[in-house]
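> Sequence plus predicted model, see below.
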Amino acid sequence: MNRLEPEWLDVLLERARQIRVLVVGDLMLDVYLRGSASRISPEAPVPVVRVRERWSTLGGAANVARNVVELGAACELVGCVGADEAGTQLLAEVERAGIGARGITVVADRPTTVKTRLVARNQQIARFDSEVEDDLEGGSADALIAAIDELAAGADVIVLEDYDKGVLTRAVSAAALEAARRRGVPVVVDPKERHFFDYAGATVFKPNLVELTTALRAPVHADDPRWMEETRRRLGCRNLLVTLGEDGLALATEAGEFVRVPTVARSVYDVSGAGDTVTAVVAVALAAGATLPEAAVLANHAAGIQVGKAGVSAVSADELRATVRAYQKV
């Protein structure tokens, strides 16, 4: 399955303009340094890169939020930044993107998570991470829970975006899941290893192949419907959506459906942020009235667009519409 009628897509994208999404998770600032490398350092066997460009963009849960607003939906973001220059920059980027920041807490004793990528000759040479991965505690975690309770009241779907940077503690995740239950709205979870099994009851649980293999400590058999159903039950989620990189997606639903969606990527330039795009599209599509298989197909198209771009970026409604229409003509 990999088809979605363009007319129905138009309806979903129009409905998306009325959707309100709450994204909870680890906020990051992605920084890129681009230059040329023409010689080896005399100090060590490493290339010398003459940096000519520097730019930054939203990463992690903030990138999910950016993808949400690019699809036309409204988004509120819950997470934390440090009381530092990177935090100020991240907040400015959030405001510039049109994302609600009422749920973002500034934590004085914790740095903003920053991932700096060094790029030369269109290849990533190195990445430098500045971060603290300890779980948030005390007043900082309480502030996030209070923000979830307040902002969930206006949400049509809640997204939990976990990068193992300490925001989605068991208490914070439980508060978000409970808020969604009270509100009667779907929850889409993009997990990481540390709290992988803390999301029982999620509407959509969306690990990638590596994350699922690591968590289960066993091979993944995403092409086997019985294995997918057994794993869905083991994880306690209503629907299991596994992203398989160049092999597309696999979906097992609570209704007993098994859907295998092959990739539609024409070319791969950079896979950074593709998972964030899939999460955002699934959440918005579900809230707009798509079925789970339809949401998976749409997300697969969006991922195909994303990996053809340089760096972490978002996919717009217009790009998605054009890609689906072009694919239907093939």
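That came in fine, so what should we check first?

> Tell me the helix or strand right after the strand or helix carrying Gly87.
If you go by DSSP states H and E, Gly87 is part of helix 85-97. Next helix or strand after helix 85-97 toward the C-terminus (DSSP H and E): strand 100-107.

> which parts of that following strand are buried?
Gly100, Ala101, Gly103, Ile104, Thr105, Val106, Val107 (16 or more other Cβ atoms under 10 Å). Where C-beta positions appear, they are placed from N, C-alpha and C, glycine not excepted.

> thought the second one was touching Glu95?
Yes. Between Ala101 and Glu95 there is a contact at 6.5 Å, judged by Cβ atoms under 8 Å.

> which residues are in contact with stretch 37-51?
Leu33, Arg34, Gly35, Ser36, Leu118, Ala120, Arg121, Ile125 (Cβ atoms under 8 Å, 6 or more residues apart in numbering).

> do stretch 87-97 as well
27-29, 56-58, 62, 65-66, 69, 77, 81, 101, 104, 106, 112.

> run the last query once more with 10 Å
27-31, 56-60, 62-63, 65-70, 75, 77, 79-82, 84, 99-101, 104, 106-107, 110-114, 314 (Cβ atoms under 10 Å, 6 or more residues apart in numbering).

> Go through it and flag the buried ones.
So for stretch 87-97, counting by 16+ other Cβ under 10 Å, buried means Gly87, Gln89, Leu90, Leu91, Glu93, Val94, Ala97.

> those strands in the chain, which residues are they?
20-25, 27-40, 47-60, 74-82, 100-107, 113-120, 123-130, 157-161, 187-190, 204-205, 240-243, 249-252, 258-261 (DSSP state E).

> Give me the sheet partners of the first one and which way each runs.
Spelled out, that is strand 20-25. strand 74-82 (parallel), strand 157-161 (parallel) (DSSP bridges).

> got the angle for the shortest one vs strand 27-40?
Taking axes from the mean of the first three to the mean of the last three Cα atoms, to 10 degrees, one finds strand 157-161 and strand 27-40 inclined to each other by 40 degrees.

> And Tyr327, what's its pLDDT?
Note on Tyr327: pLDDT of 72.

> Around the closest residue in space to Ala222 that isn't next to it in sequence, count how many other residues there are.
Leaving aside its chain neighbours, Ala222 sits nearest to Ala250 (3.9 Å; criterion: Cβ to Cβ, 6 or more residues apart in numbering). When neighbours are counted by other Cβ atoms under 10 Å, Ala250 registers 24.

> residues contacting Ala250?
So Ala250 contacts 209, 220-225, 227-228, 240-244, 258-261, 296 (Cβ under 10 Å, 6+ apart).

> swap in Arg20?
68, 73-76, 100, 151, 154-157, 185, 287.

> Likewise for Gln18?
Gln18 neighbours (Cβ under 10 Å, 6+ apart): Gly72, Ala73, Ala74, Asp156, Ala287, Ala288.

> In this structure the last one contacts Pro186, no?
Which is Ala288. No. Contact between Ala288 and Pro186 fails when scored by Cβ atoms under 10 Å: they sit 11.2 Å apart.

> Now for the two: what residues contact both?
Counting by Cβ under 10 Å, 6+ apart, the residues touching both Ala288 and Pro186 are Asp156, Val157, Ala295.

> so the second one bridges to which residues?
Here Val157 shows beta-bridge partners Val21, assigned using DSSP bridges.

> mind checking how far it is from Val284?
7 Å (Cβ to Cβ, to the nearest Å).

> can you check Glu131 too?
28 Å.

> Next: Ser316.
12 Å.

> Kindly state the pLDDT recorded for the spatially most central residue of the chain?
Residue closest to the mean C-alpha point of the chain, counted by Cα atoms, centre = their mean, is Asp276 at 2.2 Å. Note on Asp276: pLDDT of 92.

> Give me the buried entries from the contacts of Gln18.
Gly72, Ala73, Ala74, Asp156, Ala287, Ala288.

> Hmm, the fifth one is touching Val157, no?
It refers to Ala287. Yes. Counting by Cβ under 10 Å, Val157 is a contact partner of Ala287 at 4.0 Å.

> Now for these two: what residues contact both?
Ile19, Arg20, Val21, Val68, Ala73, Val185, Pro186, Val188.

> wait, what's in contact with the fifth one?
Applying Cβ under 10 Å, 6+ apart, we find Ala73 in contact with 13, 15-21, 65, 67, 156-157, 280, 283-284, 287-288, 317.

> hmm, 7 Å instead?
Neighbour list for Ala73: Ala16, Ile19, Arg20, Val21, Val284 [criterion: Cβ atoms under 7 Å, 6 or more residues apart in numbering].

> Now rank these by neighbours and give me the top one.
Val284 leads those on contacts (other Cβ under 10 Å) with 32 neighbours.

> Report the separation between Ala215 and Arg194.
For Ala215 relative to Arg194 (Cβ to Cβ), the value is 10 Å.

> Oops, could you answer that again for Arg121 instead?
35 Å.
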